[in-house]
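In: A predicted structure for the sequence below; I have some questions about it.
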Amino acid sequence: MQKITQSYTFEDGVKACLPTVLGYVGIGLAAGIVGKGAGLSVLEVTLMSLLIYGGSSQFVISGLLLSGASLSSMVLATFLVNFRHLLMSLSVSFHFKEATLAHRVGIGSLLTDESYGVLMTAIQNKEAINTAWVHGLNIMAYITWVVSTAIGALLGSVIPNPEIFGLDFAITAMFIGLVTLQAESFMRVKRRATIIVIISVVVTFIVSQWLLSAEMSVIVATLIGCFMGVQVDESKN
């Protein structure tokens, strides 16, 4: 378990978030533009970012609004898209068992795919992170996302298609960087386990795509990857 110390500060967490900021800005602008195009006002786009705080789900909601879908289908779609956050929060909570409930709820509520990647890389590298550092990481990402989507909504009438400027690729580029950093870190200490997990996840995701939606395929592949990782570790012990 990662021992909670006072080595790192809130400001250090903010700095750790900076490499991912451009990705948040790019995809946030795109989400704001798409939301405005779906008929939402700037205030509604901003409130959606404040309350839902999920890039994928906000794009899904905008698409469903355009298609005239019901509220219940939007809620269900958002739940399925964001279900992976439950898995991420569970894995992070193990490293902060000594933290108070308020701290753990705060960390889990603002956790994103990107901040999770930065956090797990720091844990894997055995950095002396603590709750203050994680809050700095998460809050910086949260503020950047909300501001970016609001600006995107303001620009919605001027830039109707975010793909023109390649903003839709920002999140992909950021994920490539995060995955590369994590893979390099894990390969140094658990090469065999890392290779097995990667192969398991890729194969499971490809096969699942034939039977399930993309969102459910991600969840199934994640669970299989976790299972394989545990099995490999237990076999070594």
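Out: All right, it came through fine.
In: what residue ranges in this protein score low on pLDDT?
Out: 1-6, 159-191, 215, 233-237 (pLDDT under 70).
In: Report the residue ranges of every domain in it.
Out: 10-171, 190-237 (automatic domain parsing).
In: Point out the most buried one among the ones you listed.
Out: Among the domains of the chain, domain 10-171 has the highest mean neighbour count (mean count of other Cβ atoms under 10 Å), at a mean of 18. For glycine as for every other residue, the C-beta is placed from the backbone atoms N, C-alpha and C.
In: so how far is that one off the chain centroid?
Out: Centroid separation between domain 10-171 and its chain, computed with Cα atoms, centre = their mean, to the nearest Å, is 6 Å.
In: Specify the next element, helix or strand, located C-terminal of the lengthiest helix in the chain.
Out: Secondary structure assigned by DSSP state H gives helix 10-37 as the longest helix of the chain. Next helix or strand after helix 10-37 toward the C-terminus (DSSP states H and E): helix 42-51.
In: Could the C-alpha coordinates of that next one be exported in CSV?
Out: The C-alpha coordinates for helix 42-51 follow below in CSV (Å, rounded to 0.1, in the frame of the first residue of the first chain):
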residue,chain,number,x,y,z
VAL,A,42,-23.4,28.2,-22.7
LEU,A,43,-24.7,28.0,-19.1
GLU,A,44,-26.1,24.5,-19.7
VAL,A,45,-22.8,23.3,-21.2
THR,A,46,-20.9,24.7,-18.3
LEU,A,47,-23.3,23.1,-15.7
MET,A,48,-23.0,19.8,-17.5
SER,A,49,-19.2,20.0,-17.1
LEU,A,50,-19.5,21.0,-13.5
LEU,A,51,-22.0,18.2,-12.5
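In: CA-only coordinates of stretch 73-82 in PDB, if you can.
Out: The C-alpha coordinates for stretch 73-82 follow below in PDB (Å, rounded to 0.1, in the frame of the first residue of the first chain):
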ATOM      1  CA  SER A  73     -31.800   6.600 -22.300                       C
ATOM      2  CA  MET A  74     -29.400   9.500 -21.600                       C
ATOM      3  CA  VAL A  75     -29.100   8.400 -17.900                       C
ATOM      4  CA  LEU A  76     -28.500   4.800 -18.900                       C
ATOM      5  CA  ALA A  77     -25.900   5.700 -21.500                       C
ATOM      6  CA  THR A  78     -24.100   8.000 -19.100                       C
ATOM      7  CA  PHE A  79     -24.000   5.200 -16.500                       C
ATOM      8  CA  LEU A  80     -22.600   2.700 -18.900                       C
ATOM      9  CA  VAL A  81     -20.000   5.100 -20.300                       C
ATOM     10  CA  ASN A  82     -18.800   6.100 -16.900                       C
END
